[in-house]
Every structure is written in structure tokens, then in C-alpha cells.
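*Asks:* Pasted the sequence and its predicted model underneath.
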Amino acid sequence: AQKVTQAQTEISVVEKEDVTLDCVYETRDTTYYLFWYKQPPSGELVFLIRRNSFDEQNEISGRYSWNFQKSTSSFNFTITASQVVDSAVYFCALSLYGGATNKLIFGTGTLLAVQP
Amino acid sequence: GAVVSQHPSWVICKSGTSVKIECRSLDFQATTMFWYRQFPKQSLMLMATSNEGSKATYEQGVEKDKFLINHASLTLSTLTVTSAHPEDSSFYICSARDLRSSGTGEQFFGPGTRLTVL
């Protein structure tokens, strides 16, 4: 069975602080995809990144960076120099390879509050 | 590209009435669409998966007679909440997957519909 765990329910930081959101996943499959989504107060899910299981290179996009480590089944997300606009709920998700009906398995989400 | 719209964005209805929510893929053909439900401060819960032209597959515990799903075309799926009650009040989100991204599992999400049943 597949599972995604986001142990941090809520995180509060002050603007300009760096913050890391943890994501641990479970699957026995060797081919899978990992995702991060942002859900601001408006409710619409915003896609942030997709990473396949064969690509362990870390990725950086502006203030965002992702650390994928298969050895610990983790796909952590770091926001550098956080801003108030980063306040949102962040979801990590897992999908197995293949098949149009493959489901996305979501973690429980982490609510990030960035204080001015 | 890969834009999914939902209509309406919010709806308030009286208990006992039925509500229809539309989900459209605007610039691609969605072979598969998904319907999620999200309660406040909770994660997305998958309700059902629908493929164009066939019956939806419901997740365990989701009443198929209450949440009617129709995926009549490659760009449109509808969710009808029949005889809605206050406990059905929630945020309903649809997503769509096109043939090109079926292998990766990626889904494109609509903006959601907030349903309030009085």
C-alpha cells in the first residue's frame, strides 16, 4: 500500500526565515512520481513540482528547493527567505507509474503561516 | 495549457435540493477525471474516478446514488449532489488527466466549488 506522511501539521515562521516542509512516502513500487502542491486560502491547488523516482537530483526554482532522498523515502521542500505570500497549505503527493486511472495519494498537508 | 475550470465556484442551496457541479478541461482532452472532497483543515479525499463514456468508480464509503457522476465527453464531467443535506457542505475539487500525462499520474486541478447546504 502507498502512503504519504506530512508530520508537520502547522508551521509558523517570521518573514525572511527559511522553512522546510517534510514529506515521507511509502511504496514498494520502483517507478513512481512525487508532487508538491500549494493551496492558498482561495482554495485552488497550485502545482509546484513533479519528480520521478529515477531522478534524485535536487531541484531549485527561485526561493523553492526540493530534496529527494530515496534512501530515506523523503521528498522535502524548502522555502528560502519566506514571504507572507507563501502562507498556504502545502500538500505532498505520490502517484505510481502507468495507467490513466492511477490515483494521487495525498499527505495530510502542512499549514504554513508566514508572519510579517 | 492544461487548464481546468469548475462551475459554479460557490453555491448555496436548501436542504433536499440537488446541485450540479461542472468540470471542464479547456485546452486538452481529459480521458480521466477525478472528484475530490475537502473538509476544512483536512486533506483532499478522492470520491470517484471517471472515464469518458463509462461508469465512474467510487471510493469505498462514497454513496454512488447520492453523488452522481457523468463524464459524457472528453472535456466535461459533472458531479450532482442529490438531495443535499448540511453534512454535504464541503469544498469539491475536480481534476483531469490527459493521455499524454497518464503515465506520470499528473492531474490538473480545477479551482474548486464551495457548497453550502442550509
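*Replies:* Sure, I can see it.

*Asks:* Stretch B:55-72 vs chain A: in contact?
*Replies:* Yes - judged by Cβ under 8 Å from any Cβ of the partner chain, stretch B:55-72 comes into contact with chain A at B:Thr57. The C-beta positions use only the backbone N, C-alpha and C, and glycine is treated the same way.

*Asks:* so B:Cys23 makes contact with B:Leu79?
*Replies:* Yes - assessed by Cβ atoms under 8 Å, B:Cys23 is found in contact with B:Leu79 at 7.3 Å.

*Asks:* is chain A contacted by stretch B:39-46?
*Replies:* Yes - judged by Cβ under 8 Å from any Cβ, stretch B:39-46 comes into contact with chain A at B:41-44, B:46.

*Asks:* buried subset of those?
*Replies:* B:43-44, B:46 (16 or more other Cβ atoms under 10 Å in any protein chain shown).

*Asks:* out of those residues, who's nearest B:Asn70?
*Replies:* B:Leu46 (17.6 Å; Cβ to Cβ).

*Asks:* How far off centre is the strand or helix carrying the closest one?
*Replies:* Assigned by DSSP states H and E, B:Leu46 belongs to strand B:45-51. Strand B:45-51 sits 7 Å away from the centroid of its parent chain (Cα atoms, centre = their mean, to the nearest Å).

*Asks:* Run me through the strand neighbours of it, direction for each.
*Replies:* strand B:30-38 (antiparallel), strand B:57-58 (antiparallel) (DSSP bridges).

*Asks:* Tell me which of these lies nearest to A:Thr72.
*Replies:* Using Cβ to Cβ, the strands paired with strand B:45-51 put strand B:30-38 closest to A:Thr72, at 28.6 Å.
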